[in-house]
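Visitor: Have a look; sequence and predicted model below, questions after that.
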Amino acid sequence: MELFIDSADIDEVRKAARLGVITGCTTNPKLAASAEPGDFRKRVEEILAVIDGPVSVEVVDETVAGMLAEAAEYASWDDRVVVKIPMCLEGLEVIHKLEREQDVRVNVTCMMNSNQTAMAMMAGATYVSLFVGRITDMGYDADVTIAETAQLIEHGGFKARIIAGSMRGVGDIQRSFLAGAHIVTTPYKLLPAMIHHPRTVETIAEFKSAWDEARKSGSVG
């Protein structure tokens with residue numbers, strides 16, 4: 001069970017890494033475009049310097065040749081770069097070539113059901129990313145989709161690991177892990193929310209108040 005940070009903002013990545021619970025990072029073109037301007041390779045290298053684990057970088061070309069060229073460029077930056085390939089017919093060919101022929105790790109992204117994850121895993125994907133929030137938006141049960149994919153991994157003997165993404169709230173993270181996701185990738189804003197509970201805050205304040213009162217009364221040194 002692992003947590004990745006879903007961000008291309010180096011400040012967010014640094015803050016998340018300091019918590020000691022983040023083992024990887026996922027990015028996408030939308031995140032990269034919304035982060036601070038700058039050379040994309042430099043930004044990825046900054047993230048790699050902070051995160052010890054895999055960092056997923058997504059292609060934007062839609063052709064087989066274009067995706068393969070982009071993937072080769074990204075993979076050359078560092079051994080920990082995982083290339084994100086979107087789920088599509090052209091993508092399946094690219095996944096197969098990268099994983100089977102070029103020994104490049106692939107994270108198949110933008111998936112919404114277990115038929116897609118099955119195809120990605122048969123093509124050789126190392127990671128399969130299910131978009132929990134978007135699945136829920138369509139009226140489907142994302143927990144079921146994650147559980148189905150976990151069963152496919154077990155029955156098919158696949159190496160793939162399930163990444164649950166598109167987190168909308170803390171509840172999504174909890175349910176995704178319980179449904180069988182190996183990894184949840186989350187925006188930074190949900191990390192503080194995961195540890196917050198009003199009763200915890202209240203109890204800490206109560207304990208501190210009792211300690212302060214005891215010191216004032218001289219009953220403790």
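Guide: Now that the structure is in, tell me what you want to look at. Predicted, not measured: the structure shown is a model, and the values here were computed from it.

Visitor: can you point me to the longest helix in the chain?
Guide: Counting by DSSP state H, the longest helix found in the chain is helix 198-217.

Visitor: Residues contacting the lowest-mean-pLDDT helix or strand in the chain, please?
Guide: Here the helix or strand of the chain ranked lowest by mean pLDDT, DSSP states H and E is helix 29-34, holding a mean of 78. Applying Cβ atoms under 8 Å, 6 or more residues apart in numbering, the external contacts of helix 29-34 come out as 6, 7, 8, 9, 40, 43, 58, 60. The way it works is simple: take the backbone N, C-alpha and C, and place the C-beta from them, glycine included.

Visitor: And the residues you listed, which is closest to residue 171?
Guide: residue 6 (16.6 Å; Cβ to Cβ).

Visitor: got the phi/psi numbers for that closest one?
Guide: Residue 6 adopts backbone torsions of phi -100, psi 90, taken as degrees, to the nearest 10.

Visitor: So for it, what's the nearest residue that isn't a sequence neighbour?
Guide: Excluding the flanking residues, the one nearest residue 6 by Cβ to Cβ, 6 or more residues apart in numbering is residue 185, at 4.3 Å.

Visitor: did I read that right, the one you found in a strand?
Guide: Yes. The assignment for residue 185 (DSSP: H, G, I helix; E, B strand; the rest coil) places it in a strand.

Visitor: Could you pull up the residues touching it?
Guide: The neighbours of residue 185, taking Cβ under 8 Å, 6+ apart as the test, are 3, 4, 5, 6, 24, 26, 129, 163, 164, 165, 167.

Visitor: Most neighbours among the residues you listed, which one is it?
Guide: Top of the contacts of residue 185 by neighbour number is residue 164, holding 31 neighbours under the definition other Cβ atoms under 10 Å.

Visitor: Name the residues that touch whichever helix or strand that residue is part of?
Guide: Using DSSP states H and E, residue 164 sits within strand 161-165. Outside of strand 161-165, the residues within contact range by Cβ under 8 Å, 6+ apart are 4, 6, 26, 107, 109, 117, 126-132, 142, 146, 149-150, 153, 172-173, 176-177, 179-185.

Visitor: what lines up beside that strand in the sheet?
Guide: In the sheet, strand 161-165 lines up against strand 127-131 (parallel), strand 183-186 (parallel) (DSSP bridges).

Visitor: Mean pLDDT and distance to residue 214 for those strands - can I get that in CSV?
Guide: CSV is the format used below for the strands paired with strand 161-165 (pLDDT from 0 to 100; distance: least, Cβ to Cβ, whole Å):
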stretch, mean pLDDT, distance to residue 214
strand 127-131, 98, 52
strand 183-186, 98, 40
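
Visitor: Could you pull out the helices in this protein for me?
Guide: For the chain, helices defined by DSSP H occupy the ranges 10-17, 29-34, 40-50, 64-75, 89-96, 114-123, 132-137, 142-156, 170-179, 190-195, 198-217.

Visitor: now the residue most central in space within the chain: how far from residue 73?
Guide: Closest residue to the average C-alpha location of the chain: residue 185 at 2.5 Å, with Cα atoms, centre = their mean. Distance of residue 185 to residue 73, computed by Cβ to Cβ, to the nearest Å: 23 Å.

Visitor: what do you get for residue 63?
Guide: Taking Cβ to Cβ, one finds residue 63 at 15 Å from residue 73.

Visitor: which of those two has more neighbours?
Guide: Neighbour totals were compared for residue 63 and residue 73, and residue 73 leads with 14 against 10 (other Cβ under 10 Å).
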